[in-house]
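J.: Quick one: sequence plus predicted model below, questions after.
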Amino acid sequence: MAMLLGSRSRSRGRGGLGKTVRSLWEACFGRAAWLPEPAAKARLLPLWLAVGGALAAFVGGFFLGGQAGGAGKPQLDLRAGAGNGPVAPSFVGEFDAQPLSRQAFLVALYPGRPEAEAKASAKGLCDWLMARKLLRARPHQWATKAGKTWGVAVYYDGSADETATRNLLLSLPVEVPDPNFVELRNTIQGWPKAYVVR
């Protein structure tokens, strides 16, 4: 009797936790010994599904393009140098402060502020102005009596462009989110004044 019970416990031990774990492993990551070999058609089905899904995604993206976001949203031209020539590489968060022409309207100055804060304010105002069709607004470092300071220049080329740019600046709303812009606009006689950029 003892031998019979001993042989039963040994046979149970062979089919215990180790065999279960190995069976699960083979079922997930490899073919288990007791599973039948899949047919050739069944082996090709996942491949055809993957190819079909990739093709459907490509065709859907081609036909939808940028229209999925809705027709009411403005489309931004994100090509490098779109409309302004090539763009020099820079760090993220930096901007190109090179003059676009020799003529510009000075619309904001940030004297007495730390350089990083003045640059950030100039960049923020430029983004706001560019959203209102003043696409040639750029931060620029101006030389003043107290030293160099950051400001915002709106560049133009020629008298026709000067008139159009002036009209856009004069048509801006009263509520501009930059107190330095508002101060210059309210204190300078004949604002906006044209300057030669050096």
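T.: Thanks, I have it. Numbering: from 1, shown residues only.
J.: So in the chain, which helix runs the longest?
T.: The single longest helix within the chain, with elements called by DSSP state H, is helix 40-64.
J.: Strands of the chain, start to end?
T.: Here the chain has its strands, by DSSP state E, at 103-109, 137-144, 147-156, 194-196.
J.: Now tabulate the ones you listed in CSV and tack on distance to Val59 and mean neighbour count.
T.: All C-beta atoms are positioned from the backbone trio N, CA, C, and that covers glycine. Formatted as CSV, the strands of the chain follow (distance: least, Cβ to Cβ, whole Å; neighbours: other Cβ atoms under 10 Å):
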stretch, distance to Val59, mean neighbour count
strand 103-109, 48, 23
strand 137-144, 41, 18
strand 147-156, 44, 21
strand 194-196, 53, 12
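J.: mind putting these in JSON lines, mean pLDDT included?
T.: Written out in JSON lines, the entries for those read as follows (pLDDT from 0 to 100):
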{"stretch": "strand 103-109", "mean pLDDT": "88"}
{"stretch": "strand 137-144", "mean pLDDT": "83"}
{"stretch": "strand 147-156", "mean pLDDT": "87"}
{"stretch": "strand 194-196", "mean pLDDT": "82"}
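J.: right, and those - which one's nearest Phe181?
T.: Judged by Cβ to Cβ, the one of the strands of the chain that comes nearest to Phe181 is strand 103-109, at 4.4 Å.
J.: Distance of Gly53 relative to Phe63?
T.: Counting by Cβ to Cβ, to the nearest Å, the separation of Gly53 from Phe63 is 16 Å.
J.: and what of Ala146?
T.: Ala146 sits at a distance of 58 Å from Phe63 (criterion: Cβ to Cβ).
J.: One more: Asn180?
T.: Asn180 sits 48 Å away from Phe63, taking Cβ to Cβ as the criterion.
J.: nearest to Ala118, of the strands of the chain?
T.: Proximity of the strands of the chain to Ala118 was assessed by Cβ to Cβ; the nearest stretch is strand 147-156, lying at 3.9 Å.
J.: Does anything pack onto that closest one? Which helices or strands?
T.: In this structure, strand 147-156 makes packing contacts with strand 103-109, helix 115-130, strand 137-144, helix 158-170, judged by 3 or more Cβ pairs under 8 Å, 6 or more residues apart in numbering; DSSP states H and E.
J.: Can you add distance to Ile188 and give those back as CSV?
T.: Putting these into CSV (distance: least, Cβ to Cβ, whole Å) gives the following:
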stretch, distance to Ile188
strand 103-109, 9
helix 115-130, 16
strand 137-144, 14
helix 158-170, 12
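J.: of all the ones you listed, which lies closest to Lys19?
T.: Between Lys19 and these, the shortest separation by Cβ to Cβ is 65.8 Å, and it involves helix 115-130.
J.: Do me a favour and average the pLDDT over that closest one.
T.: The pLDDT scores in helix 115-130 average 89.
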